[in-house]
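*Asks:* Sharing a model prediction with you, sequence too.
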Amino acid sequence: MFNLGKKKLVSYSKYGYLFAIPFFLTFLVFTLYPICYTLILGFTNQEGAIPPKLEILKDPLANFKYLFKKRSSGAMSYFLESLITTARIWIVNFIPQLGLALLLSAWFTDNRVKVRGQGFFKVVFYLPNIITAATIAILFKTLFGYPQGPVNDLLKNLHILKKPFNFALSKTATRAIIEFIQCWQWYGSTMITLIAAVIGINPEIFEAAEIDGATRWRKFWNITLPSVRPIMLFTLVTSLIGGLSMFDIPQLFATGGPDRASTTIAIYIYNTAMKKPYKYNRAAAASILLFIIIVACSSLLFYLMRDKDAAKLKKLKKEQLKSAKLAQKGA
């Protein structure tokens with residue numbers, strides 16, 4: 001008989017912790033510390049090229065109150081104006097984006113249609129999402145250039161315009177172009193996400209619906225949409241976060257636009273902090289409010305998109321459990 005002895009077990013868990021240390025250090029220095037510092041900064045006196053000694057204001061909410069203070073002309077504050085502009089740009093670009101993504105996902109996953117070259121079309125539709133936002137902004141700025149640009153040249157050749165049109169000086173045109181860019185850049189990503197969700201639905205459900213004589217519209221409305229509700233919620237929340245923190249395209253394409261037509265909250269925060277008179281405290285206060293708005297809107301979406309039947313069943317179970325406990329106490 002061979003005496004092999006006892007093998008010494010080697011624990012590799014410690015190496016996992018070692019590999020995780022660089023991430024945690026980077027997160028602490030470049031993410032957690034700036035977040036905590038911003039939360040403090042919104043209640044302080046920090047402003048100017050050479051800020052004074054860090055002190056909490058006598059009225060800690062003074063910076064927040066200023067954000068809602070009307071201008072001398074009586075118009076709404078710049079913060080509220082940028083908030084409305086951000087909400088408008090996001091809503092106008094997201095509704096057609098989601099509609100187009102749903103339509104394409106239903107088209108690609110329909111067994112009756114059997115689209116040829118699906119892989120090619122998916123790559124083409126998703127391609128704008130791969131290109132950086134800065135590149136897309138510069139591209140469209142060139143396309144809509146004034147007095148010479150591809151779009152102006154095309155419109156003149158088609159006799160739609162007699163002379164070049166300066167899109168950069170039109171509030172409506174600037175917003176419309178930014179909304180189109182946002183929709184065009186992100187609908188492919190939304191489409192791929194929804195296709196993955198639809199593919200995950202049990203095909204037997206669709207087969208049963210077809211046997212019962214359900215039309216494509218009925219299958220889409222009664223099977224597809226309820227089944228992809230969690231993915232729809234994910235899409236809505238991520239789009240909301242991206243839309244409210246929109247910066248690259250409005251800044252690089254229009255630099256805020258004519259008469260602040262495309263000045264989003266992110267651009268307002270950047271201009272407040274990085275341009276004279278360098279109001280770091282007010283920019284921090286605006287950042288805190290933006291965070292609160294995102295959390296509130298996301299919570300509302302979670303509430304509206306919840307499974308009502310599951311919520312009722314959960315509530316019923318709680319009531320039954322509570323009744324059983326009361327009955328036990330009474331016994």
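*Replies:* Structure's in. What do you need?

*Asks:* any low-confidence regions in the stretch 1-150 of the chain?
*Replies:* 1-10 (pLDDT under 70).

*Asks:* So which residues of it form helices?
*Replies:* 13-27, 33-41, 62-67, 78-109, 118-130, 133-143, 150-157 (DSSP state H, counting those that start in this stretch).

*Asks:* Around Gln256, how many other residues sit close by?
*Replies:* Just to correct that, residue 256 is Gly rather than Gln. 19 (other Cβ atoms under 10 Å). Just so you know, the C-beta spots here come from the backbone N, C-alpha and C atoms, and that holds for glycine as well.

*Asks:* Confirm for me that Gly138 is in contact with Leu252.
*Replies:* For residue 138 the amino acid is Ile, not Gly. Yes: using Cβ atoms under 8 Å, Ile138 is in contact with Leu252, at 6.4 Å.

*Asks:* Comparing these two, which residue is more hemmed in?
*Replies:* Leu252 (16 against 13).

*Asks:* So Ile249 is in contact with Thr132, correct?
*Replies:* No: under the criterion of Cβ under 8 Å, Ile249 makes no contact with Thr132, lying 10.4 Å away.

*Asks:* higher neighbour count, the two?
*Replies:* Neighbour totals were compared for Ile249 and Thr132, and Ile249 leads with 23 against 10 (other Cβ under 10 Å).

*Asks:* now that one, nearest residue through space, not along the chain?
*Replies:* Using Cβ to Cβ, 6 or more residues apart in numbering and skipping residues adjacent in sequence, the residue nearest Ile249 is Ala137, 4.7 Å away.

*Asks:* circling back to that earlier point, want to throw the helices of the stretch 1-150 of the chain into a markdown table with distance to Gly48?
*Replies:* Formatted as a markdown table, the helices of the stretch 1-150 of the chain follow (distance: least, Cβ to Cβ, whole Å):
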| stretch | distance to Gly48 |
| --- | --- |
| helix 13-27 | 30 |
| helix 33-41 | 13 |
| helix 62-67 | 14 |
| helix 78-109 | 19 |
| helix 118-130 | 41 |
| helix 133-143 | 30 |
| helix 150-157 | 43 |
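
*Asks:* Can you mark which positions in the helix or strand where Phe180 lies are buried?
*Replies:* Using DSSP states H and E, Phe180 sits in helix 171-199. Going by neighbour count (16 or more other Cβ atoms under 10 Å), the buried part of helix 171-199 is 173-175, 177-179, 181-195, 197-198.

*Asks:* for the nearest residue to Phe94 once chain neighbours are set aside, phi and psi?
*Replies:* Closest residue to Phe94 apart from its sequence neighbours, by Cβ to Cβ, 6+ apart: Ser239 at 5.5 Å. Torsion angles at Ser239 (phi, psi; degrees, to the nearest 10) stand at phi -70, psi -40.

*Asks:* wait, what's in contact with Ser239?
*Replies:* Shown in contact with Ser239 (Cβ atoms under 8 Å, 6 or more residues apart in numbering): 90, 94, 97-98, 186, 190.

*Asks:* Can you lay out these as a markdown table showing distance to Tyr278?
*Replies:* What follows is the contacts of Ser239, written out as a markdown table (distance: Cβ to Cβ, whole Å):
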| residue | distance to Tyr278 |
| --- | --- |
| Trp90 | 28 |
| Phe94 | 34 |
| Gln97 | 36 |
| Leu98 | 39 |
| Trp186 | 33 |
| Thr190 | 38 |
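
*Asks:* and of those, the nearest to Leu289?
*Replies:* Sorting the contacts of Ser239 by how near they are to Leu289, with Cβ to Cβ, puts Trp90 at the top with 16.5 Å.
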